[in-house]
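J.: the sequence isn't on hand, but the structure is:
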């Protein structure tokens, strides 16, 4: 994955991100259309009103093809939130997720955040294993019904 580049998110990436999230989560998790709508809203808000000194998104690319994304957004004066962490199936298992996570966390640290939070689902076992291996702590876990399916929602936190 040495030939994979990480570049800043651009507004023209939004339709691709919405489509990938919607398609992959519908196929792999059984999510309904409300998930794609949530992703679209997150991206619309980011495009309309993000502070580039405190918030950033990255797109992983290889040979002109997008492979994944990760975002750092402000959640409080000293807290950043990790959002829209996605890897296409063909990009998984080769260290790219770790690279994206370290890039996002490094940006958050350099931007002056003291901690970082994220929200995910227990079913994302590879991502959860990566969070745990990187020093993130599971703060909360609870059963929910979201996006048309029963899930176990998780909240994670790390001190930067």
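T.: Right, received. Where do you want to start? Worth saying up front: this structure is predicted, and the values here are computed from it rather than measured.
J.: dihedrals phi and psi, the residue nearest the centre of the chain?
T.: Central residue of the chain (Cα atoms, centre = their mean): residue 85, 2.0 Å from the mean position. Main-chain torsions, residue 85, degrees, to the nearest 10: phi -80, psi 110.
J.: which one is it nearest to, not counting chain neighbours?
T.: Closest residue in space to residue 85, ignoring its immediate chain neighbours: residue 70 at 4.7 Å, by Cβ to Cβ, 6 or more residues apart in numbering. Heads up, the C-betas are built off the backbone N, CA and C, glycines and all.
J.: pretty sure that neighbour belongs to a strand, no?
T.: Yes - the assignment for residue 70 by DSSP: H, G, I helix; E, B strand; the rest coil puts it in a strand.
J.: for it, which residues are in contact?
T.: 57, 58, 82, 83, 84, 85, 86, 100, 101, 103, 104 (Cβ atoms under 8 Å, 6 or more residues apart in numbering).
J.: how close does the residue nearest to the centre of the chain get to residue 150?
T.: 22 Å (Cβ to Cβ, to the nearest Å).
J.: settle this for me: residue 57 is touching residue 68, isn't it.
T.: No - shown here, residue 57 and residue 68 do not form a contact pair, counting by Cβ atoms under 8 Å, at 11.1 Å.
J.: pLDDT averaged over stretch 143-152 - what is it?
T.: For stretch 143-152, mean pLDDT is 91.
J.: got the end-to-end distance for that stretch?
T.: 4 Å (Cα to Cα, to the nearest Å).
J.: show me which residues of it are buried.
T.: Across stretch 143-152, burial judged by 16 or more other Cβ atoms under 10 Å covers 147, 151.
J.: ok, the contacts of residue 70 vs residue 92, which is closest?
T.: Distances from residue 92 to the contacts of residue 70, taken as Cβ to Cβ, are shortest for residue 86 (10.3 Å).
J.: that closest one: neighbour count?
T.: Around residue 86 there are 22 other residues, counting by other Cβ atoms under 10 Å.
J.: next, the buried residues of the helix or strand where it lies.
T.: Using DSSP states H and E, the element containing residue 86 is strand 79-87. By 16+ other Cβ under 10 Å, the buried positions in strand 79-87 come out as 80, 81, 82, 83, 84, 85, 86, 87.
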